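Asker: Need coordinates for the below:
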Amino acid sequence: MPAPIIAYIRVSTDKQGKSGLGLEAQRDAIARFAASESLETTGEFIEVETGKGADALDKRPQLAAALRKARQIKAPIVVSKLDRLSRDVHFISGLMTKRVPFIVAALGKNVDPFMLHIYAALAEKERSMISERTKDALAKAKQRGVVLGNPNVGKMNTEAAAARDAELKPILETMWELPYREIAQELTDRKIPAPRGGAWNAMLVMQRDEAIG
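Answerer: Residues are numbered from 1 along each chain as shown. Here you go, the predicted model:
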């Protein structure tokens, strides 16, 4: 008999919620994951948020309901991607204290639920590093006497990284429903360079997906 799971789907705006934009893709990804792992979705909770800063659990009534249901039937909560749960490492760490396992379909079934906040921390750090690199580049340009009001400054210092991300984003979008490990293998097979060289892995894919998505 398939083990039960609770599906949690989150869209960011009323428009997305009404149109189904993103909703069906998440539902399909969870369904494919459940089928591949002999799991059965016994409950689905859909959260529609209307703005930023809504990571507090009291602003996520559907997630709170999913937690109650998961505890009741002793089942894990499954999300399609980590950012559908949250982009905030502190929020994810707090969820780990609820004693309900969370599974990210894109990361796979066997990832220790406690590791999710580690992955979130790494993704958050990656976004922070991108911001810091941009600030550092601008500061160095200023030291060289470049006028920072010049719109070409950003282009001069971030053009290569921006070009890589612009190339990578549509590729990731075509493979959205695949687990990160499979995306990593596909990127490596296509000889698409990883950010710091070498082969892709699931963590690198997640970091880039979170950073540019």
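
Asker: Any stretches of the chain with poor pLDDT?
Answerer: 13-21, 50-54, 123, 126-142, 144-162, 176-177, 210-213 (pLDDT under 70).

Asker: So the residue positioned nearest the centre of it: helix, strand or coil?
Answerer: Residue closest to the mean C-alpha point of the chain, counted by CA atoms, centre = their mean, is residue 83 at 3.3 Å. Following DSSP: H, G, I helix; E, B strand; the rest coil, residue 83 is assigned to helix.

Asker: and what of the one 4 residues further on?
Answerer: Under three-state DSSP, the three-state class of residue 87 is coil.

Asker: Quick check: end-to-end length of stretch 11-27?
Answerer: One end of stretch 11-27 sits 11 Å from the other (CA to CA, to the nearest Å).

Asker: How about residue 61: what's its closest non-neighbour residue?
Answerer: For residue 61, ignoring the flanking residues on the chain, the nearest one in space by CB to CB, 6 or more residues apart in numbering is residue 47 at 7.7 Å. Every C-beta, even on glycine, is put in place using the N, C-alpha and C of the backbone.

Asker: can you count the residues close to that neighbour?
Answerer: By the criterion of other CB atoms under 10 Å, residue 47 has 20 neighbours.

Asker: Then residue 195?
Answerer: Residue 195 has 15 nearby residues by other CB under 10 Å.

Asker: Same question for residue 208.
Answerer: Neighbour tally, residue 208, other CB under 10 Å: 22.

Asker: go on, residue 167?
Answerer: 10.

Asker: do the same with residue 182
Answerer: Neighbours of residue 182 (other CB under 10 Å): 15.

Asker: quick one: contacts for it?
Answerer: residue 175 (CB atoms under 8 Å, 6 or more residues apart in numbering).

Asker: And for residue 196, the neighbour number?
Answerer: By the criterion of other CB under 10 Å, residue 196 has 6 neighbours.

Asker: do the one 3 residues further on as well
Answerer: Residue 199 has 12 neighbouring residues, counting by other CB under 10 Å.

Asker: Need the phi and psi values for it.
Answerer: Torsion angles at residue 199 (phi, psi; degrees, to the nearest 10) stand at phi -90, psi 150.

Asker: and what of residue 40?
Answerer: Taking degrees, to the nearest 10 as the convention, residue 40 sits at phi -130, psi 120.

Asker: And for residue 30?
Answerer: phi -70, psi -40.

Asker: let's have the chain start at 22 instead
Answerer: Done: numbering now begins at 22, and the last item shifts to residue 51.

Asker: Quick check: closest non-adjacent residue to it.
Answerer: residue 28 is the one closest to residue 51 (CB to CB, 6+ apart), at 4.8 Å.

Asker: ok, now residue 65?
Answerer: Of all residues not flanking residue 65 in the chain, residue 28 sits nearest, at 4.4 Å (CB to CB, 6+ apart).

Asker: Contacts only, for that neighbour.
Answerer: Residue 28 touches 48, 51, 62, 64, 65, 66, 98, 99, 100, counting by CB under 8 Å, 6+ apart.

Asker: Helices of the chain, start to end?
Answerer: Assigned by DSSP state H, the helices in the chain fall at 35-40, 44-57, 82-94, 103-106, 110-117, 137-164, 173-195, 201-210, 223-233.
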